[in-house]
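Asker: Got a sequence here, can you build the structure:
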Amino acid sequence: MERVARRASPTARADLGLRGPDRMADLIHDLLVVGGGVNGTGIARDAAGRGLSVLLCEQDDLASHTSSASSKLVHGGLRYLEHYEFRLVREALIEREVLLAIAPHIIWPLRFVLPHSPEQRPAWMIRLGLLLYDHLGGRRKLPASRKLDLRRDPAGAALDERYTTGFAYADCWVDDARLTVLNAVDARERGARILTRTRCVHARRQDGLWRAVLRPVQGGPDHEVHARCLVNAAGPWVSRFLTEELGRPALKQVRLVKGSHVVVPSLFDHASAYILQNTDRRVVFAIPYEQDFTLIGTTDRDYAGDPADARITDDEIQYLCAAVSRYFRSPVTPDRVRWSYAGVRPLYDDASADVSAVTRDYAFDLDAANGMAPLLSVFGGKITTYRKLAEHALQKLQPVMKFERGAWTQRAPLPGGDLPGADFEGFLADLERRHGWLPGALAKRYGRAYGTRVDALIGSARRLDDLGRHLGDGLYEAEVEHLVRNEWAMSEEDILWRRSKLGLHVSSQTVSRLRAWLGRDHVDAGTTSSDDAVAEAPPELERFAHGPAR
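Answerer: Down below sits the predicted model:
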């Protein structure tokens with residue numbers, strides 16, 4: 001890791017203004033955003049694009065908690081119709097097509113098959129809900145829902161023979177962690193400063209500004225920063241940040257709900273996903289994942305404790321396996337689970353008795369009374385509506401901060417998303433034509449992850465050897481260095497489990513070689529805590545200033 005840090009640090013220092021211990025204190029940012037999940041990076045991007053000076057700090061890696069522990073869907077939320085959340089579903093359905101247009105490399109259509117289980121919701125209710133789902137958001141790009149004969153449709157082959165009727169509708173798949181990182185990349189390119197592994201430990205209003213103390217989590221000196229406005233986008237920690245770091249009461253609350261997922265070898269050989277009605281009236285998804293696997297989730301359980309410590313339990317694994325086994329010919333048992341993960345969703349607490357009925361909508365708390373420096377706290381939200389949430393956050397701040405530029409993100413592609421005609425297949429064909437030496441699977445993975453920015457990774461390479469050392473399983477040195485220099489990656493967990501999604505595919509030898517490349521020798525990929533993942537990071541000032549070189 002030191003070899004990369006030494007090479008990148010001069011530019012990173014200049015980018016962050018860290019030329020001396022007091023340099024940050026000399027700067028006044030318009031916004032200090034606390035939280036590097038999808039909402040925080042989305043707000044940072046939107047604000048930077050409006051000409052505001054932005055500093056974002058995240059105590060761990062970008063998307064290291066809730067924003068990488070989702071079901072990886074951009075969807076309206078079919079089941080939310082049962083709770084009469086029509087505004088939320090409509091906004092999410094509209095956003096589904098917006099996001100599909102601005103990030104077609106990491107978001108793509110996915111057909112969902114809903115086998116009809118007669119003992120659950122009646123068929124007429126499902127059909128009515130799907131018709132409403134088709135039209136509520138003004139669907140334009142995705143196909144309409146339809147009834148299926150599962151005795152004839154290929155999706156029926158993997159199901160128990162008693163399921164003869166079903167329904168199909170369309171939503172979208174998203175690489176959730178990359179969505180978060182790409183928002184941060186775009187924010188940086190528009191002038192924002194992004195500090196990972198950096199915690200805001202204290203902030204107070206003084207002389208019309210927020211004066212905040214930022215602390216590198218690996219150690220090193222604290223730095224004081226000044227901002228005209230503070231945005232609390234700390235996700236599951238939003239209420240705790242208000243009371244502990246800001247010393248203020250939390251007038252709104254989040255309800256912490258743990259969602260767990262398991263990954264098993266593929267249960268079917270087609271590209272559709274399933275949405276399965278369970279006996280408790282919840283739904284469970286079975287989604288094609290990483291070519292060779294099926295992703296199953298999610299649970300909904302109230303959670304108490306530190307969100308960073310959330311883990312799936314044995315009974316949650318049993319629950320998900322049992323829910324899927326009701327439908328498939330081949331039962332799914334816990335011993336088939338290859339990987340699992342759990343995340344804590346910070347849902348806005350609407351006092352619902354049923355945890356599954358808690359709203360997925362979002363709310364803001366704006367504290368700007370008597371001309372004080374504004375404090376905006378974000379409660380709730382979901383990945384699908386992150387862009388709209390960010391837009392609404394800036395609308396809340398516009399009257400008190402008096403900036404002039406309006407909304408702009410609806411048609412602005414995320415980095416790598418400016419594919420001609422938003423046509424990924426056409427883009428991939430061109431990529432393979434221009435770089436015929438790339439193996440097909442590698443070209444597709446690069447295209448999906450980096451879109452039109454793949455050439456920044458490939459550079460002048462004309463053969464595989466030009467990508468540097470092959471660390472194993474399709475991971476080349478050029479990609480690792482690109483992720484370290486341009487996407488804030490510091491650990492093998494950052495690289496394998498968030499940015500590349502190679503964690504399920506690599507051998508222990510590949511992990512060891514990557515670990516050695518990063519200059520570390522003691523972390524097990526995919527299982528490290530966030531604190532462990534930075535225990536051997538570069539020297540203190542460079543750790544604080546670590547970010548992509550321009």
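Asker: Where is the longest strand in this structure?
Answerer: Taking DSSP state E as the assignment, the strand of the chain that covers the most residues is strand 254-265.
Asker: Show me what it is packed up against.
Answerer: For strand 254-265, the packing partners by 3 or more CB pairs under 8 Å, 6 or more residues apart in numbering; DSSP states H and E come out as strand 293-297, strand 301-302, helix 314-325, strand 339-348. C-beta: built from backbone N, CA, C; applies to glycine.
Asker: by how many degrees do the first one and helix 314-325 diverge?
Answerer: Taking axes from the mean of the first three to the mean of the last three CA atoms, to 10 degrees, one finds that strand 293-297 is oriented at 110 degrees with respect to helix 314-325.
Asker: Provide a complete list of residue ranges assigned to strands in the stretch 351-500 of the chain.
Answerer: 362-367, 375-380, 470-472, 475-476 (DSSP state E, counting those that start in this stretch).
Asker: how about TSV for those, with mean neighbour count and mean pLDDT added?
Answerer: As requested, the strands of the stretch 351-500 of the chain are exported to TSV (neighbours: other CB atoms under 10 Å; pLDDT from 0 to 100):
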stretch	mean neighbour count	mean pLDDT
strand 362-367	18	93
strand 375-380	24	95
strand 470-472	18	98
strand 475-476	24	98
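Asker: Let's verify Gly220: helix, strand, or coil?
Answerer: With DSSP: H, G, I helix; E, B strand; the rest coil as the basis, Gly220 sits in coil.
Asker: Then the one 5 residues further on?
Answerer: Put simply, Val225 is strand when judged by three-state DSSP.
Asker: Quick check: mean pLDDT of stretch 288-297?
Answerer: Stretch 288-297 shows a mean pLDDT of 97 in the predicted model.
Asker: How about residues contacting it?
Answerer: Under the criterion CB atoms under 8 Å, 6 or more residues apart in numbering, residues 71-72, 259-268, 270-273, 284-287, 320-321, 323-324, 332, 338, 501, 504-505 lie in contact with stretch 288-297.
Asker: ok, of these, which come out buried?
Answerer: For the contacts of stretch 288-297, burial is judged from neighbour counts taken by 16 or more other CB atoms under 10 Å, and it is met by 71-72, 259-264, 267-268, 272-273, 284-287, 320-321, 323-324, 332, 501, 504-505.
Asker: Kindly provide the whole-number mean pLDDT of stretch 498-517.
Answerer: On average, the pLDDT along stretch 498-517 is 97.
Asker: Convert the C-alpha atoms of that stretch to CSV, please.
Answerer: In CSV, the C-alpha atoms belonging to stretch 498-517 read as follows (Å, rounded to 0.1, in the frame of the first residue of the first chain):
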residue,chain,number,x,y,z
ARG,A,498,-17.6,-3.8,-2.8
ARG,A,499,-16.0,-2.4,-5.9
SER,A,500,-15.4,-5.5,-8.1
LYS,A,501,-17.7,-8.1,-6.6
LEU,A,502,-15.0,-10.7,-7.1
GLY,A,503,-15.2,-12.0,-3.5
LEU,A,504,-17.2,-15.0,-4.4
HIS,A,505,-15.0,-16.0,-7.3
VAL,A,506,-11.4,-15.7,-6.0
SER,A,507,-9.2,-18.3,-4.4
SER,A,508,-7.3,-17.9,-1.2
GLN,A,509,-4.1,-17.6,-3.2
THR,A,510,-5.5,-14.5,-5.1
VAL,A,511,-6.5,-13.0,-1.8
SER,A,512,-3.0,-13.5,-0.4
ARG,A,513,-1.4,-12.0,-3.5
LEU,A,514,-3.8,-9.0,-3.3
ARG,A,515,-3.0,-8.6,0.4
ALA,A,516,0.7,-8.6,-0.3
TRP,A,517,0.2,-6.1,-3.1
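Asker: what comes up buried for that stretch?
Answerer: Across stretch 498-517, burial judged by 16+ other CB under 10 Å covers 498-506, 510-511, 513-515, 517.
Asker: and if you look at stretch 216-236?
Answerer: When neighbours are counted by 16+ other CB under 10 Å, the buried residues of stretch 216-236 are found to be 216-218, 220, 223, 225-236.
Asker: Check stretch 289-296 too.
Answerer: Of the residues in stretch 289-296, 289, 293-296 count as buried by neighbour count, 16+ other CB under 10 Å.
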